[in-house]
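Peer 1: Predicted model and sequence below, questions to follow.
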Amino acid sequence: MATIVTGTIPAREFALVHTLDAEPTTRFECERIIRSGDEAVMPLLWARNADRLELEDAFAEDATVDKVQLLADFGDEYLYRMDWIDHVQLLLGMLTNGEATILDAYGRREEWSLRVMFPTRDKFSKTHDFCTEHGLTFDIESIRELDGQPAGRFGLTEGQYNALVLAAREGYYSVPQERTLEELADELGITHQALSERLHRGTEALIEDSLLVGTDSA
């Protein structure tokens, strides 16, 4: 069964060690990460809240980075392609031994936050063993197994998923509103207080699973 794991890795064991130290206010988000040889990976990397010249000077001094290429400049955010060539043992282990897909990777200050999908729980176990054998740190925050139901892909309970889908389809979120909370609760056979709680908790879960990955309160 496919398994989604969320956790953090210290930058010193991963990538952009010097850059994250030199540019502490810059936020990095990987658009995609693919293997680029036996000892390198190639990310498409967004950089936000950065001065471009200072950032590229930091890249030039960073031993973990090579072949940096600017792909897009939107004035306040930049998209780069590059090679990560050092401290990527864990990432290579995930992509090869674990047959993993990197869903999200966010870098800020001294660490990276990753959300990774493994095809089976056993594949994740191989990555965990790899970390132990090589003295690498992957601090697990959550593990979620996908049971084939749509709710599991989004961190929702089945009740939350059904409530949110019904509310959207029936026009509860429309302006003007087409269905009331009480009408939807009657259709589901629950109280309007129970439905309100499902919608609020489901919305919170969706936001945490999509918008807040890799962020903090600072």
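Peer 2: Sure, I can see it. Bear in mind that the values here come from a model prediction, so they are computed numbers and not experimental data.
Peer 1: Roughly how far does residue 133 sit from residue 177?
Peer 2: 57 Å (Cβ to Cβ, to the nearest Å). Using the backbone N, CA and C atoms, a C-beta is placed for each residue, glycine as well.
Peer 1: Just list the residues touching the residue nearest to residue 96 when sequence neighbours are not counted, thanks.
Peer 2: Excluding its sequence neighbours, the residue lying closest to residue 96 (Cβ to Cβ, 6 or more residues apart in numbering) is residue 35, at 7.1 Å. Going by Cβ atoms under 8 Å, 6 or more residues apart in numbering, residue 35 touches 41, 42, 92, 95, 96.
Peer 1: rerun that using 7 Å as the cut-off
Peer 2: Residues near residue 35 by Cβ atoms under 7 Å, 6 or more residues apart in numbering: 41, 92, 95.
Peer 1: wait, isn't residue 113 in contact with residue 102?
Peer 2: No: between residue 113 and residue 102 there is no contact under Cβ atoms under 7 Å: 11.4 Å.
Peer 1: And the helix or strand that contains residue 105, what's buried?
Peer 2: For residue 105, the host element (DSSP states H and E) is strand 101-108. Across strand 101-108, burial judged by 16 or more other Cβ atoms under 10 Å covers 102, 105, 106, 107, 108.
Peer 1: what sits opposite the third one in the beta ladder?
Peer 2: Partner residues in beta bridges with residue 106, using DSSP bridges, are residue 29, residue 113.
Peer 1: No more questions from me, cheers.
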